[in-house]
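**Student:** next comes the sequence, and after it the predicted model I'd like to discuss.
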Amino acid sequence: MGPPTPTPTPTPARRFGRPREGQSQSSPNLYVANCGPAVGLSYETIASVFGAFGEVKAVNPADESGVRVVVSFAEEGCARTALATLQGRPCPQLGGRCLHIRYSQLQPQPQPLSLGHPPPLSVVALMASELNISGLYLLHDFVSVEQEQALIAAVDQRPWNNLSKRRVQHYGYEFCYATRNVNPKQKLGELPSFVLPVLNKLSMFAKLDITADIDWDQLTVNEYPPGVGLSPHIDTHSAFEGLIFSLSLAGPCIMEFRRYADGDWRAKASLGSNMKIENPEHNSNFIRKSIHLPPRSMLLLSGEARYAWHHYIPHHKIDVVNDTVIRRGTRRVSFTFRKVRTAPCKCDFPQYCDSQR
Ligand SMILES: O=C(O)CCC(=O)C(=O)O
Ligand SMILES: [Fe+2]
């Protein structure tokens with residue numbers, strides 16, 4: 001068997017192109033060649049280098065090569081200065097690479113409705129910063145393809161528990177789906193040694209001013225067959241501490257975040273409201289934001305993202321990420337790292353908090 005082909009990140013590449021005839025030749029978007037995750041430069045690093053010229057709204061892959069990106073500034077003037085300063089010169093902050101830069105324009109797109117699937121409900125973000133949810137972070141390429149393979153091989157050698165639509169493994173503490181909680185008095189053991197490289201790398205988040213130096217003691221591995229998702233939920237506040245990391249492996253998914261206007265949908269149902277909301281999917285009183293989680297990316301839920309937003313993986317065989325149609329052809333395996341809570345939660349979101357009711 002040859003080396004695994006990394007699953008390509010769906011890109012908004014076709015959304016951008018060279019300015020066409022009749023289109024303005026300058027733009028807030030820059031096409032930048034010779035940098036990207038394939039040469040060890042993360043989107044965050046690129047955003048910070050270009051951020052020296054003004055507010056960067058997004059850095060997107062320009063195609064599936066991993067060495068071409070589109071940097072979108074909030075203002076055209078900032079793109080102009082960045083292009084004039086960086087074009088064709090070695091950039092010390094980007095490993096001395098010589099960048100090839102030109103303007104790039106957002107191109108009008110045909111609607112993909114003829115493909116026989118519903119239109120996307122909302123724009124799907126590729127970077128957490130686009131969602132503007134406090135405490136939500138996404139790091140692309142958090143593990144290498146080789147590490148991904150080793151992690152998957154390790155869990156495939158261990159027994160899976162079958163749920164109705166997906167399989168799970170629990171380490172550290174068993175997670176009980178009926179109570180959505182753990183029994184803190186029943187420790188199964190330490191986290192397995194095959195996740196140590198991942199745990200060590202979590203300290204990278206310290207750069208984001210988050211103390212990630214935590215003694216993680218609960219790991220849930222989820223295996224989702226193609227098209228299987230996860231119901232909207234907030235991880236029980238009293239069960240786990242305030243940082244939850246989730247590593248996506250093998251296949252991608254879209255994760256939707258929902259902020260319910262009336263607090264927790266369950267609170268309303270249990271108050272005997274005549275709205276009879278038994279399932280959050282029947283309550284439309286929320287705002288939603290979606291993000292694409294590619295394989296090998298690490299998601300962090302903290303603060304408001306962890307405590308006040310439901311997270312949800314829609315049950316779709318086909319996801320539409322902006323103009324790109326992605327078939328979930330492979331299983332997705334996620335590793336969710338959590339710290340079991342030993343004292344009541346005292347978060348700033350009592351309306352969602354089972355410790356504060
Ligand atoms: O699969 C994931 O990334 C999320 C899993 C999750 O939300 C959970 O186990 O509570
Ligand atoms: Fe969760």
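**Tutor:** Arrived safely. Ligands and ions are numbered 1, 2, ... in the order given.

**Student:** just the pLDDT at the closest residue to residue 302 other than its chain neighbours, thanks.
**Tutor:** Spatial nearest neighbour of residue 302, excluding adjacent residues (Cβ to Cβ, 6 or more residues apart in numbering): residue 135 at 4.0 Å. Where C-beta positions appear, they are placed from N, C-alpha and C, glycine not excepted. Note for residue 135: predicted pLDDT of 92.

**Student:** also residue 66?
**Tutor:** The model's pLDDT for residue 66 equals 74.

**Student:** quick one, domains of this protein?
**Tutor:** Split into domains by the TED database, the chain comes to 16-106, 124-261+286-352.

**Student:** how about CSV for those, with mean neighbour count added?
**Tutor:** Formatted as CSV, the domains of the chain follow (neighbours: other Cβ atoms under 10 Å):
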stretch, mean neighbour count
domain 16-106, 18
domain 124-261+286-352, 17
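
**Student:** what's the closest of the ones you listed to ligand 1?
**Tutor:** In terms of Cβ to the nearest ligand atom, the element of the domains of the chain nearest to ligand 1 is domain 124-261+286-352, at 3.4 Å.

**Student:** and the closest one, how far apart are its ends?
**Tutor:** 25 Å (Cα to Cα, to the nearest Å).

**Student:** name the SS class of residue 150, please.
**Tutor:** helix (DSSP: H, G, I helix; E, B strand; the rest coil).

**Student:** check contacts around it.
**Tutor:** residue 194 (Cβ atoms under 8 Å, 6 or more residues apart in numbering).

**Student:** quick check: residues of the stretch 251-357 of the chain near ligand 1?
**Tutor:** 311, 334, 336 (Cβ under 6 Å from any ligand atom).

**Student:** now do the contacts for the first one.
**Tutor:** Residue 311 makes contact with 230, 232, 233, 234, 255, 256, 257, 258, 301 under the criterion Cβ under 8 Å, 6+ apart.

**Student:** now the strand or helix carrying it: how far from the chain's centre is it?
**Tutor:** Assigned by DSSP states H and E, residue 311 belongs to strand 310-313. Remark: strand 310-313 is offset 11 Å from the chain centroid, using Cα atoms, centre = their mean, to the nearest Å.

**Student:** in PDB, could you pull the C-alpha coordinates for it?
**Tutor:** Output of strand 310-313 as PDB, limited to C-alpha atoms (Å, rounded to 0.1, in the frame of the first residue of the first chain):
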ATOM      1  CA  HIS A 310     -24.900  23.600  21.300                       C
ATOM      2  CA  HIS A 311     -22.700  21.700  18.900                       C
ATOM      3  CA  TYR A 312     -24.200  19.500  16.300                       C
ATOM      4  CA  ILE A 313     -23.000  17.300  13.400                       C
END
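
**Student:** mean pLDDT lowest for which of the domains of the chain?
**Tutor:** domain 16-106 (a mean of 86).

**Student:** quote the end-to-end distance of that one.
**Tutor:** One end of domain 16-106 sits 5 Å from the other (Cα to Cα).

**Student:** what do you get for stretch 288-302?
**Tutor:** 18 Å.

**Student:** so how far is it off the chain centroid?
**Tutor:** 1 Å.

**Student:** same deal with stretch 86-101?
**Tutor:** Worked out by Cα atoms, centre = their mean, stretch 86-101 lies 28 Å from the chain centre.

**Student:** need phi/psi at the residue lying closest to residue 133 once chain neighbours are set aside.
**Tutor:** Leaving aside its chain neighbours, residue 133 sits nearest to residue 305 (4.9 Å; criterion: Cβ to Cβ, 6+ apart). Dihedral angles of residue 305 (phi, psi; degrees, to the nearest 10) stand at phi -60, psi -40.

**Student:** give me the beta-bridge partners of the residue nearest the centre of the chain?
**Tutor:** Most central in the chain under Cα atoms, centre = their mean is residue 293, positioned 4.1 Å from the mean C-alpha point. Taking DSSP bridges as the rule, residue 293 bridges to residue 253.

**Student:** list the contacts of the residue nearest to residue 133.
**Tutor:** 133, 134, 135, 136, 257.

**Student:** circling back: got the contact list for the residue nearest to residue 302?
**Tutor:** 300, 301, 302, 303, 304, 305, 306.

**Student:** mind running it again at 10 Å?
**Tutor:** 128, 210, 242-243, 300-309 (Cβ atoms under 10 Å, 6 or more residues apart in numbering).
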